[in-house]
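Engineer: I'd like to go over a predicted model; first the sequence, then the structure.
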Amino acid sequence: MVSAPETVRAAFRKHFPDGGAVEIFRAPGRVNLIGEHTDYNMGFVLPMAIDLCCLAAIAPANHGKLRVYSQNVQALQEWPIESISDARPAGNWGDYVLGVAQQLARAGFPVGAADLAIYSTVPVGSGLSSSASLEVSTALALLGGRTIAKKDLALLCQRAEREFVGVPSGIMDQYASVHGERGKALRIDCRSVSHQAVALPDGAAIMVVNSMVKHELGGSAYRDRVRECAEAVEELRRWSPKVHSLRDVISTDLAPLSGVPLKRARHVTTEGERVESFTAAAEIGDLKGMGDLLVASHRSLQHDYEVSCEELDFLVDTALGIEGVYGARMTGGGFGGCTVNLVAIENVENFEIRISSAYEIAYGKIPQVFRFLPDAGAEQVL
Ligand code: GLA
């Protein structure tokens, strides 16, 4: 089998035959174990980097342009270097590259003429951070050895997504891609933008099941949730001026709210509490406790935050009936994408067979099933 770095190098050579010696950078995707829709509320999340990644092969050039070939999309885009600082988004994959280049320039790292080939093994739209891994690998490639603090790199890539691509996302995905640690999940405090590494107990595997659906609603609903949380904060601030985000309240402080703001705030606050409990359970190897928290998270996302969908609910409910499954929930933004499942090691194969066949019978699609081990963060590979 051809390795991913070989694939991106071959793509570079084919599309930029006159290009110079390449350097290759890799940035991983992530799976979020628990702490969903808490990052833009300044709360806690617990993702881990995975061994699916985006690779960026780069060589400086003297044609005055930034040229980018995507092996996944099989398309080339290019921009004159002098146009990057005032470029506007075009609404396609090139925006991630251009947005990062623009943010680098604004941060004092001007981008020179270069040829860049990218290749990702992270399935797009699956909730495993294909966007962040593209941003982070591109940023490292365009930095070309200039150093930047890891936290600043994550924040810069988040700005590319928020300000250029136009998705008001939190910091989780870019942070996890930059800071991933082999063998550890990351409990990230999204207010201080810092983390603590969390070892996961032996005896259970992190199994991820891709529903292979992405409902259109996803993009607009994400914006709606961000807005609804801001509205809940506004209401709470009328009662206490000290509330600046939902991080500043706990689930028993929500009496002033009702209706939709109450449901959204109840999810965010209880989810933050679940991250703390899950971390504590992981530290003492309490797999049952961890599993129960995953299920509670899913129910909260399903009923209070309303970002699940029929296929994800089916995958979770089916998983909970399979031997050796401690818990399951949707992961990522929602409305499709993946579930994350905590499965006893000895039941992993059976889980894979049972969940795949049940889903295929119900929806006529074969889901991708992955077993992920926590992987290292972004780095140069060549
Ligand atoms: C998307 C966003 C993240 C986060 C999750 C939900 O993945 O990019 O910042 O908000 O949704 O937890």
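Structural biologist: Yep, it's here. This is a predicted model, so every value here is computed, not measured.

Engineer: for the stretch 251-382 of the chain, what spans make up the strands?
Structural biologist: Using DSSP state E, counting those that start in this stretch, the strands found in the stretch 251-382 of the chain span residues 325-331, 336-344, 368-372, 379-380.

Engineer: Tell me if I'm right that Val213 and Gly336 touch.
Structural biologist: Yes. With contact defined as Cβ atoms under 8 Å, Val213 counts as touching Gly336 (4.2 Å). To be clear about C-beta, it is placed using only N, CA and C from the backbone, and glycine gets the same treatment.

Engineer: Would you confirm that Arg13 contacts Gly20?
Structural biologist: No. Counting by Cβ under 8 Å, Arg13 does not reach Gly20; the two are 11.2 Å apart.

Engineer: Quick check, pLDDT for Leu217.
Structural biologist: Looking at Leu217, its pLDDT reads 74.

Engineer: just Met1 next, same as before
Structural biologist: Reading off the model, Met1 has pLDDT 76.

Engineer: who touches both of Val213 and Gly336?
Structural biologist: Common neighbours of Val213 and Gly336 (criterion: Cβ atoms under 8 Å, 6 or more residues apart in numbering): Cys309, Glu311.

Engineer: Between these two, point out the one with more neighbours.
Structural biologist: Gly336 (24 against 17; other Cβ atoms under 10 Å).

Engineer: Roughly how far does Ala49 sit from the ligand?
Structural biologist: From Ala49 across to the ligand, the span is 14 Å (Cβ to the nearest ligand atom, to the nearest Å).

Engineer: how about that residue, secondary structure?
Structural biologist: Counting by DSSP: H, G, I helix; E, B strand; the rest coil, the backbone at Ala49 sits in strand.

Engineer: Numbering from 18 from now on, please.
Structural biologist: In the new numbering, first residue 18, that becomes Ala66.

Engineer: Help me confirm that it comes into contact with Leu390.
Structural biologist: No. Here Ala66 does not reach Leu390: they are 9.9 Å apart, not a contact under Cβ under 8 Å.

Engineer: and these two? which has more neighbours close in?
Structural biologist: Legend: neighbour count by other Cβ under 10 Å for Ala66 and Leu390, higher for Ala66 (30 against 13).

Engineer: Who's the closest spatial neighbour of the more buried one, skipping the chain neighbours?
Structural biologist: Computed as Cβ to Cβ, 6 or more residues apart in numbering, the closest residue to Ala66 that is not its neighbour in sequence is Gly197, at 2.5 Å.

Engineer: Buried residues, stretch 92-107. List them.
Structural biologist: Gln94, Trp96, Ile98, Ile101, Ala104 (16 or more other Cβ atoms under 10 Å).

Engineer: Return the list of helices and strands in contact with the helix or strand harbouring the first one.
Structural biologist: Okay, so that is Gln94. Using DSSP states H and E, Gln94 maps to strand 92-97. Applying 3 or more Cβ pairs under 8 Å, 6 or more residues apart in numbering; DSSP states H and E, we find strand 92-97 packed against strand 82-87, helix 111-123.

Engineer: and the top helix by length along the chain, how far from the chain's centre?
Structural biologist: Secondary structure of the chain read by DSSP state H shows that its longest helix is helix 276-300. Its chain's C-alpha centre and that of helix 276-300 lie 19 Å apart, by Cα atoms, centre = their mean, to the nearest Å.

Engineer: Which secondary structure elements does it sit against?
Structural biologist: So helix 276-300, by 3+ Cβ pairs under 8 Å, 6+ apart, packs with strand 40-51, strand 61-77, strand 201-206, strand 211-216, helix 234-256, helix 304-320.

Engineer: any idea of the angle it forms with helix 304-320?
Structural biologist: If you take axes from the mean of the first three to the mean of the last three Cα atoms, to 10 degrees, helix 276-300 sits at 160 degrees to helix 304-320.

Engineer: Around the ligand, pick out the residues from the chain.
Structural biologist: Residues of the chain found near the ligand (Cβ under 6 Å from any ligand atom) are Asn49, Glu53, His54, Asp56, Tyr57, Ser186, Gly187, Met189, Asp190, Gly349, Gly350.

Engineer: from the stretch 268-399 of the chain, which residue is nearest to the ligand?
Structural biologist: Nearest to the ligand in the stretch 268-399 of the chain, going by Cβ to the nearest ligand atom, is Gly350, at a distance of 3.5 Å.

Engineer: Not counting its neighbours along the chain, what's nearest that residue?
Structural biologist: Per Cβ to Cβ, 6+ apart, closest to Gly350 is Tyr239, 5.5 Å.

Engineer: need the contact list for the one you found.
Structural biologist: Val184, Pro185, Ser186, Gly350.

Engineer: before we move on, back to that, which one of the buried residues of stretch 92-107 is nearest Gln385?
Structural biologist: Proximity of those to Gln385, judged by Cβ to Cβ, is greatest for Gln94, which lies at 27.9 Å.

Engineer: For the closest one, give the beta-bridge partners.
Structural biologist: Val85 (DSSP bridges).

Engineer: now stretch 246-258, how far from the chain's geometric center?
Structural biologist: Counting by Cα atoms, centre = their mean, stretch 246-258 comes out at 28 Å from the chain centroid.

Engineer: In it, which residues are buried?
Structural biologist: Cys246, Ala247, Ala249, Val250, Glu252, Leu253.
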